[in-house]
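Visitor: Sequence first, predicted model second:
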Amino acid sequence: MSGALKIRSKCIKCSGPVLDHESICSACNPAKLATPAKFRAHGPIFVILGGLVIFGAILAALFVNPTPDDEVFAVDVVEIYRQSSDQVIVAIEVTNGGTSDDRSQCRVVARDAGGSLLADSTFATDRIEAGEALRIETVLNTPGLADGVTATCR
């Protein structure tokens with residue numbers, strides 16, 4: 001067996017036996033033209049698989065819609081009282097409706113009957129556990145009486 005080549009695979013055209021370094025048998029390739037290597041099909045397969053992975057990533061980015069920040073935190077104004085002639089205390093309750101612990105950026109605004117801004121306060125909350133609520137009091141410096149107090153958190 002010193003000079004003999006082993007027959008290991010089948011011809012890609014007729015399924016007849018071929019030598020282990022060839023892909024087409026001598027009956028299908030009588031002129032002994034160059035034949036494609038057995039591993040040449042792997043390149044296009046890898047390119048196609050890579051394209052499918054990229055396509056899947058693009059679809060996931062387009063269709064996986066994380067909850068926008070302004071929908072994660074719910075806020076309610078629970079109490080308003082005057083501390084002094086020029087200060088109003090506003091108590092809000094911020095609920096983390098998300099799935100992980102997080103902080104929120106909140107803004108409390110006081111307006112008069114005409115809608116003009118009297119005072120506002122912007123602050124960051126402490127970390128709120130997912131599904132939990134936190135009561136926060138903030139001071140608004142306004143000598144006028146606020147007709148509308150609103151709070152937003154995101």
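Guide: Nice, I can see it.

Visitor: Show me what counts as buried in the longest strand seen in the chain.
Guide: If you go by DSSP state E, the chain has its longest strand at strand 73-84. Residues of strand 73-84 classed as buried under the neighbour-count rule (16 or more other C-beta atoms under 10 Å) are 73, 75. (C-beta placed from N, C-alpha, C; glycine too.)

Visitor: can you list contacts of it?
Guide: 88-98, 104, 106, 108, 128, 135, 139, 146, 149-154 (C-beta atoms under 8 Å, 6 or more residues apart in numbering).

Visitor: try 6 Å
Guide: 88-95, 97, 104, 149, 151, 153 (C-beta atoms under 6 Å, 6 or more residues apart in numbering).

Visitor: Can you name every helix or strand that the helix or strand following that strand contacts?
Guide: Later in the chain than strand 73-84, the nearest helix or strand by DSSP states H and E is strand 87-96. Helices and strands touching strand 87-96, by 3 or more C-beta pairs under 6 Å, 6 or more residues apart in numbering; DSSP states H and E, are strand 73-84, strand 133-141, strand 148-153.

Visitor: angle of the first one against strand 87-96?
Guide: Counting by axes from the mean of the first three to the mean of the last three C-alpha atoms, to 10 degrees, strand 73-84 points 160 degrees away from the direction of strand 87-96.

Visitor: repeat for the last one
Guide: Per the same axes, to 10 degrees, the angle that strand 148-153 makes with strand 87-96 is 40 degrees.

Visitor: Tell me the helices and strands packed up against strand 148-153.
Guide: Using 3+ C-beta pairs under 6 Å, 6+ apart, strand 148-153 sits against strand 73-84, strand 87-96, strand 105-111.

Visitor: would you list those in JSON lines and tack on mean pLDDT and distance to Pro17?
Guide: Shown next, in JSON lines, are the helices and strands packed on strand 148-153 (pLDDT from 0 to 100; distance: least, C-beta to C-beta, whole Å):
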{"stretch": "strand 73-84", "mean pLDDT": "90", "distance to Pro17": "71"}
{"stretch": "strand 87-96", "mean pLDDT": "93", "distance to Pro17": "70"}
{"stretch": "strand 105-111", "mean pLDDT": "93", "distance to Pro17": "73"}
